[in-house]
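S.K.: Would you be able to build a 3D model of this:
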Amino acid sequence: MTQVFVGENEGIESALRRFKREVSKAGIFPDMRKHRHFETPLEKHKRKEVARHKQRKRSFRRD
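M.R.: Predicted coordinates for the structure are as follows:
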């Protein structure tokens with residue numbers, strides 16, 4: 001769990017900015033999006049296949 005403690009002379013905007021940065025570092029948003037709804041095994045297989053294809057395409061472009 002991500003926590004941010006607000007200092008005495010710190011504004012709420014800067015504390016909120018720090019909180020967003022910590023959440024981003026922890027990788028909570030991608031995990032939340034992934035678990036937003038149930039994914040059938042077929043959908044999961046298709047998603048992984050597309051990711052593999054993209055990864056292969058990127059690796060060929062680098063060479």
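S.K.: Can you pull out the low-pLDDT segments for the protein?
M.R.: The chain contains residues with pLDDT under 70 at 62-63.
S.K.: For residue 39, see how far away the spatially most central residue of the chain is.
M.R.: Central residue of the chain (CA atoms, centre = their mean): residue 30, 2.8 Å from the mean position. According to CB to CB, to the nearest Å, residue 30 and residue 39 sit 14 Å apart. In short, each C-beta sits where N, CA and C put it, glycine included.
S.K.: Residue 9 now?
M.R.: From residue 9 to residue 39 the distance is 46 Å (CB to CB).
S.K.: higher neighbour count, the two?
M.R.: The residue with more neighbours, out of residue 9 and residue 39, is residue 39; 13 against 5, by other CB atoms under 10 Å.
S.K.: And that one, its phi and psi?
M.R.: phi -120, psi 120 (degrees, to the nearest 10).
S.K.: my read: it touches residue 47, true?
M.R.: Yes. Here residue 39 reaches residue 47: they are 7.4 Å apart, a contact under CB atoms under 8 Å.
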